[in-house]
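Engineer: next one to model:
(2 chains, ligands or ions: 2)
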Amino acid sequence: MGEFAIGQGVPRFEDPRLVRGGGRYVDDVALPRMAYGYVLRSPHAHARIRSIDTGKAKAAPGVLAVLTGSDWEAAGWRDLPVPGGMKRRDGSPSYKPRFPALVKDRVRWVGDYVAFVVGETLHQAADAAELIEIDYEPLPAVTATANAAVPGAPLVWDDCPGNVCFARFEGDKTATDAAFARADHIVKHRFVINRVTAATMEPRGAVGDYNVADGRYTLYAVLQRAQGYRAELAQVLGVPESMVRVVAGDVGGSFGMKSAIFNENPLTLLASKLIGRPVKWTGTRSEAFLGDAQGRDNVTDAELALDKDGNFLGLRVKSLVNAGAYLQPGMPAFTGNLGTLAGVYKTPASHVDVTVVFSNTNPMRPYRGNGRPEAAYVIERMVDLAADELGLDPYELRRLNMIPPEAMPFKTSVTFTYDCGEFEKSMDIALKMADVNSFEKRRAAARKRGKLRGIGLSFTIERAAAGGFEGAEIRFDRSGTVTLVSGSHSQGQGHETVFKQLVCDRLGLDPNEVYYLQGDTDQVFFGEGTGGSRSATMAGSAFHLASEKIVVKATQIAAHLLKLEAADINFADGIFSSAKTNQTLTIQEVARAAADPSKLPKDMEAGLVSNAVFDTDTQNFPNGCHICEVEIDEDTGEVEIVDYNVVDDVGTVLNPLLLHGQIDGGIAQGLGQVLMEDIRFDADGQLLTGSFMDYAMPRARNTPAFHVESNPVPTKTNPLGTKGAGEAGCVGAMPAVANALVDALSVLGVKHVEMPATPERIWRSIQEARAG
Amino acid sequence: MSLEETLAIELTVNGERVESTVPVRQHLVDFLRTELGLTGSHIGCEHGICGACSVRVDGAVVRGCLMLAVQADGAEVVTIEGLTDSGEIADLQEMFVERNALQCGYCTPGMLITAAELFDIGLPASRENIREFLSGNFCRCTGYHAIVDAVEATLKQRLSR
Ligand code: FES
Ligand code: FES
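Structural biologist: Numbers count the residues shown, from 1 in each chain, chains lettered A, B, ... in the order given. Ligands and ions are numbered 1, 2, ... in the order given. You can find the predicted model right below:
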């Protein structure tokens, strides 16, 4: 097995640069004569703008431009992208709100975009923004999901009745009703899944640079998918896509949040065009809380029907989902991911009914899992609740209802058809890893120390790489060294390493002679980008195909050079050889020959370059078992995660080192939401959690060691056998941690704890339970 | 004092003498990043919570977002670039790579500088101590496990030398 073979824990090629402080993030971009932009945001959750006076701001020192909604309108640029095509309950089209980069007459959340001030320095721009005089007429606001659709709720959009944007249904209602009618037990629960924010350590930023000489726009940006980003931007600008270049360097985390364009992106370009200089905007942390799209936030009623033996007969789920003030790209996908609700179970009938509502809050976007963790949380909490109600062992209840490997492919009653998976086997490995058999001893020992110890298991499954396509290119230059050009873009996952690993292994290259390029639309021929746990599968497969094309062409060249037939040539470890000669050629020699038409067969194009697009309509289904053990301090309600074990199946493991990183990071975000993270608004819609002083996130002291094992069941849906790994950790963690908390408190009779289970909330539930 | 007022400062950055005239309200980390092009120090929150901006000033780790550039007048400042060049944490940096203790890399310079201080203090190399010591630095990507691994392994390596 080669040094870079699939499955080797190759350290990342990105890292030597990043540990030296050599990352190139968007705020590191400095262009000559660059000016600085500042966004003036709405202080009201909902208000009419009676007037805006920018006179004083324009006259302030160092100010180069002050843009308002009228300037945006005057520019003639279009709205930011708003998804459409969904339907409401009555079949009418989904509501499609207007989404200009700057509002003109109405603000809809605290943080909405009112003006963009450009100055010689950031301080000057920010100072001038304070001089803008705005006459607001505050309006009643609605922020809580449960209140948004209540009759009489303030309307976020006057012509959108009931604040309902769209509704979506999955499954079979008649069959589900029938299943419930013959059930022996029906378990019901309402879950409030709170709102959180991605809080990438790198805030968003952009540098817009309009070149008056050739009329072309360049945007240095943070993103997940350069090509799609450019397409959206070109539409907003109303120019041909070729007149826009988008460049992204290192991105300091995204988790879905940076997936589509934000208002600041076209604003920096418009300002650049108006003042004839590059314009940089860098968000502050406060702005990240006020302006970033946020995630999750729904209220879900679930019902599980069981027969007397514990077989699942039917699942009914009704969910109210908060879209925020504007509908963002990716939000409809959220409802699609509710297929995760089916879990790993045979449940013959399900019905899911989702309503998406507007509110006076930050717009919502995908956040690591985008519907998957929410759904996984609901089904896996329901299984535990059912086990508790029926007096069954939660592991055995899962075992009874799990889809066995021999039933694959299995069409679930919600959305998906799973192709493979060994759920019971993974669970058994996990139960052993976590030493579940001796848990009660640990519980008893903890009790003596004044601690409530609990154990929680989740078995979750989600779709990854939900169809689509991805491009990859391999370019040999005339000296035989190589550039890999990826259509996908990393925000920390380690694309460079995995793709180099794949190509170097297949083509026998030295990674030190391979340059990896991503994120520049002038260089990448085709790309869809990262999101929905798709890159290893999609871009990995594209690089696999591109490598095969290189091998085919290089073999023909080698045959020509060796005066043999292509069929006589073998290729391994970068060397072309044949049983018919003892002469060999390295792939570099072939690449050098490829640059010289005189050395090539007639009619063959010069150059050793290949590009490939991997195209599939088949998704894959990563799954895994998480077992979490917690201890709760009875007096303070403080939670410590004392053990955490995972057995995952993400198909073929390309690089276990990076896989563990993805799983660990996902778990930390999942446990963060269950234990501490919470975006809160007050009754007027003011954001209460607007800084890291108020928004708690896991620190090193809050996270445990993670023990991660794999039970890979490679999928046949792509040439590598991989399944997505980016979201799996987060999906499994939310229910596992929640189940462990409830298990710890169950000795007091507690049945459920809402997220985030802060010490205060847990302390209160302990007190309530004790009071009876 | 006007907000636009500037002051002349003189300091040492990564061993080199630097003279500059800075706005009195400019933060040290902004000065390092924009005036000196030392972009290895990152800004994650500007309110002292995340640790991404950590730099060494006169031997102690400080938040570059909570200190003004003018306060560094006469000081000796070391950033990740200087720490790298001196080779002081080369073993830790290698271990970060080996253990994949970083993903997006945004928190990494701050983590490294903080961990270097942990080495100087000479706390016993327990994972609890490491976790506690690094708890002033946010990382949103790794879940900390690999970071703790890397710091622990480096500490052990150093102690066995
Ligand atoms: S930027 Fe200084 S602590 Fe976060
Ligand atoms: S590696 Fe991304 S924040 Fe730590």
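
Engineer: now the strands for the stretch 101-250 of chain A?
Structural biologist: When assigned using DSSP state E, counting those that start in this stretch, the strands of the stretch 101-250 of chain A occupy the ranges A:106-107, A:113-119, A:133-138, A:164-171, A:185-197, A:205-211, A:216-221, A:244-247.

Engineer: now the third one: buried residues?
Structural biologist: Within strand A:133-138, the residues that qualify as buried are A:I134, A:Y136, counting by 16 or more other C-beta atoms under 10 Å in any protein chain shown. C-beta: built from backbone N, CA, C; applies to glycine.

Engineer: next: the fourth one.
Structural biologist: Buried residues in strand A:164-171, defined by neighbour count with 16+ other C-beta under 10 Å: A:V164, A:C165, A:F166, A:A167, A:R168, A:E170, A:G171.

Engineer: tabulate those residues (a markdown table), appending pLDDT and distance to ligand 2.
Structural biologist: Below are the buried residues of strand A:164-171 laid out as a markdown table (pLDDT from 0 to 100; distance: C-beta to the nearest ligand atom, whole Å):
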| residue | pLDDT | distance to ligand 2 |
| --- | --- | --- |
| A:V164 | 97 | 37 |
| A:C165 | 96 | 33 |
| A:F166 | 96 | 34 |
| A:A167 | 96 | 37 |
| A:R168 | 94 | 34 |
| A:E170 | 93 | 35 |
| A:G171 | 95 | 38 |
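
Engineer: of all these, which comes closest to chain B?
Structural biologist: For the buried residues of strand A:164-171, the closest approach to chain B (C-beta to the nearest C-beta) belongs to A:C165, at 29.2 Å.

Engineer: wait, doesn't the closest one sit right on A:Y95?
Structural biologist: Yes: contact between A:C165 and A:Y95 holds when scored by C-beta atoms under 8 Å: they sit 4.9 Å apart.

Engineer: now do the shared contacts for these two.
Structural biologist: Here A:C165 and A:Y95 share the contacting residues A:R88, A:L327, A:F358, scored by C-beta atoms under 8 Å, 6 or more residues apart in numbering or on different chains.

Engineer: ok, and of the residues you listed, which contact chain B?
Structural biologist: When the shared contacts of A:C165 and A:Y95 are checked against chain B using C-beta under 8 Å from any C-beta of the partner chain, none falls in range.

Engineer: which of these has the most neighbours?
Structural biologist: A:F358 (27 neighbours; other C-beta atoms under 10 Å in any protein chain shown).

Engineer: might one say that that one is in contact with A:C160?
Structural biologist: Yes: between A:F358 and A:C160 there is a contact at 6.4 Å, judged by C-beta under 8 Å.

Engineer: now for A:I52, how many residues are close by?
Structural biologist: When neighbours are counted by other C-beta under 10 Å, A:I52 comes out with 20.

Engineer: ok, the host helix or strand of it: who's next to it in the sheet?
Structural biologist: Here A:I52 is covered by strand A:47-53, with elements defined by DSSP states H and E. Sheet pairing of strand A:47-53 (DSSP bridges) gives strand A:106-107 (antiparallel), strand A:133-138 (antiparallel).

Engineer: can I get that strand in PDB, CA atoms only?
Structural biologist: Taking C-alpha atoms only, strand A:47-53 is exported to PDB below (Å, rounded to 0.1, in the frame of the first residue of the first chain):
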ATOM      1  CA  ALA A  47     -40.100  49.400  11.600                       C
ATOM      2  CA  ARG A  48     -41.000  51.600   8.700                       C
ATOM      3  CA  ILE A  49     -38.400  54.000   7.600                       C
ATOM      4  CA  ARG A  50     -40.000  57.500   7.200                       C
ATOM      5  CA  SER A  51     -36.900  59.200   6.000                       C
ATOM      6  CA  ILE A  52     -33.100  58.900   5.800                       C
ATOM      7  CA  ASP A  53     -30.800  61.900   5.800                       C
END
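
Engineer: what about the helix or strand that that strand is followed by and chain B, any contact?
Structural biologist: Where DSSP H and E defines the elements, the next helix or strand beyond strand A:47-53 is helix A:55-59. No: applying C-beta under 8 Å from any C-beta, one finds helix A:55-59 out of contact with chain B, separated by at least 15.4 Å.

Engineer: on that earlier part again, just put the strands paired with strand A:47-53 in a markdown table and tack on distance to A:G228.
Structural biologist: Formatted as a markdown table, the strands paired with strand A:47-53 follow (distance: least, C-beta to C-beta, whole Å):
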| stretch | distance to A:G228 |
| --- | --- |
| strand A:106-107 | 28 |
| strand A:133-138 | 35 |
